[in-house]
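>>> Sequence first, then the predicted structure:
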Amino acid sequence: FRKNVEDFTGPRERSDLGFVTFDITADILNGKNARLFKYNMVFFLTLIHLQSIFDWNVKQLFLYLSAEYSTKNNALNQVVLWDKIMLRGDNPRLSLKDMKSKYFFFDDGNGLKGNRNITLTLSWNVVPNAGILPLVTGSGHVSVPFPDTYETTKSY
Amino acid sequence: AGREEAAAMLSLDFLDDVRRMNKRQLYYQVLNFGMIVSSALMIWKGLMVVTGSESPIVVVLSGSMEPAFHRGDLLFLTNRIEDPIRVGEIVVFRIEGREIPIVHRVLKIHEKQNGDIKFLTKGDNNAVDDRGLYKRGQHWLEKKDVVGRARGFVPYIGIVTILMNDYPKFKYAVLFLLGLFVLVHRE
């Protein structure tokens, strides 16, 4: 679910703070084909192809869930909500439920209130044993709309 | 007496080589040395142009990006304007007034229509973001603070530069040996 809470201690001014909770179900196998679904306020990712991304030269994957949106103040905002390091040998199937964002989802200003179009995508940085460091984005995304009013109870 | 003579001959052999080189050869060797140094500098400058970064190759100095990078790993950077800064990228940046570059990951960006961007970073192995590291009163990093984005890496090799920094005697020894080798080596 999402709420909007005003007034938090950020860089001096009052900025919007968003709360998003999510489930992630993913098979991080083939790089490009992660699909993110929204189903009854639960966001989950599934993968289509079954070709292993963890070849001999892949040391780890740095996964991150990022929210991307546009506001009056800034044409483009990207905030990482959650990240995870997946080492070679770890189970490439993720099934995480009821996750809270790891990092505060602050806006630079008050652009979350009433913002209908926050896009969540899962991406990962492939860290090889030696070589190129590519950033791959899963091909699916979910739109999260924030409500028009701020949450008044401090139940977080 | 035989042993002393042998020892004397061994040390003289080396000096003989140097003495045998007449002046012309010596100048030639010096020019050779100069060419090697200039070529190396040109390659470095060429890399700077191609990558758009003032320091296209950096050594990882801390463990704040483990387990991805460790102290001594070598990173290859680019800093092209056409590549916008996005979350998840590994940036190498300098904090105003400090010399040591830091290698961390972009956590948050806010970019204006005209391309002005401010962003926040965090080391993978750190519990908190880098705001505590920035200058007093500074809440964000900007394009001007960025040395480059890490596009590739090789492990371990940079340990040599760390050793040379931590043990100056080692650095002088390496430089001395290199200079000696180039001057004496006949081609």
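Sure thing, it's come through.

>>> Paired strands for whichever strand or helix holds residue B:120, with orientation please.
According to DSSP states H and E, residue B:120 maps onto strand B:117-122. Sheet partners assigned to strand B:117-122 using DSSP bridges are listed as strand B:102-111 (antiparallel), strand B:141-142 (antiparallel).

>>> Most tightly packed of those?
By mean neighbour count, with neighbours taken as mean count of other Cβ atoms under 10 Å in any protein chain shown, strand B:102-111 ranks first of the strands paired with strand B:117-122 at a mean of 24. The way it works is simple: take the backbone N, C-alpha and C, and place the C-beta from them, glycine included.

>>> can I see the domain layout of chain B?
B:1-51, B:76-150 (the TED database).

>>> if you average pLDDT over each of these, which comes out lowest?
Mean pLDDT per stretch puts domain B:1-51 lowest among those, at a mean of 78.

>>> hey, where'd the strands end up in chain A?
Counting by DSSP state E, one finds strands in chain A at the ranges A:2-5, A:17-27, A:34-39, A:42-47, A:58-69, A:76-87, A:93-100, A:105-106, A:118-128, A:131-132, A:135-137, A:142-144.

>>> near chain A, which residues of chain B?
Counting by Cβ under 8 Å from any Cβ of the partner chain, chain B comes close to chain A at B:67-68, B:86-90, B:105, B:107-113, B:118, B:124, B:129, B:139, B:150-155.

>>> Apply 7 Å and report the result again.
B:67-68, B:86-90, B:107-113, B:124, B:139, B:150-155 (Cβ under 7 Å from any Cβ of the partner chain).

>>> sorry, back to before: and of the domains of chain B, who's closest to residue A:100?
domain B:76-150 (16.1 Å; Cβ to Cβ).

>>> start to end distance for that closest one?
From its first residue to its last, domain B:76-150 covers 6 Å (Cα to Cα, to the nearest Å).

>>> how far does that domain sit from the chain's center?
Mean-position distance between domain B:76-150 and its chain equals 19 Å (Cα atoms, centre = their mean, to the nearest Å).

>>> what's the residue lying closest to residue B:123 once chain neighbours are set aside in contact with, if anything?
Distances taken as Cβ to Cβ, 6 or more residues apart in numbering or on different chains put residue B:64 closest to residue B:123, at 3.3 Å, once the chain neighbours are dropped. By Cβ atoms under 7 Å, 6 or more residues apart in numbering or on different chains, the residues touching residue B:64 are B:104, B:123, B:125-126.

>>> Tell me the pLDDT of residue B:64.
If you check residue B:64, the pLDDT there is 91.

>>> Ok, the one 10 residues further on next?
Turning to residue B:74, the model gives it a pLDDT of 93.

>>> which ones are touching it?
Shown in contact with residue B:74 (Cβ under 7 Å, 6+ apart): B:57, B:59, B:153-154, B:157-158.

>>> 6 Å instead?
Taking Cβ atoms under 6 Å, 6 or more residues apart in numbering or on different chains, we find residue B:74 in contact with B:59, B:154, B:157-158.
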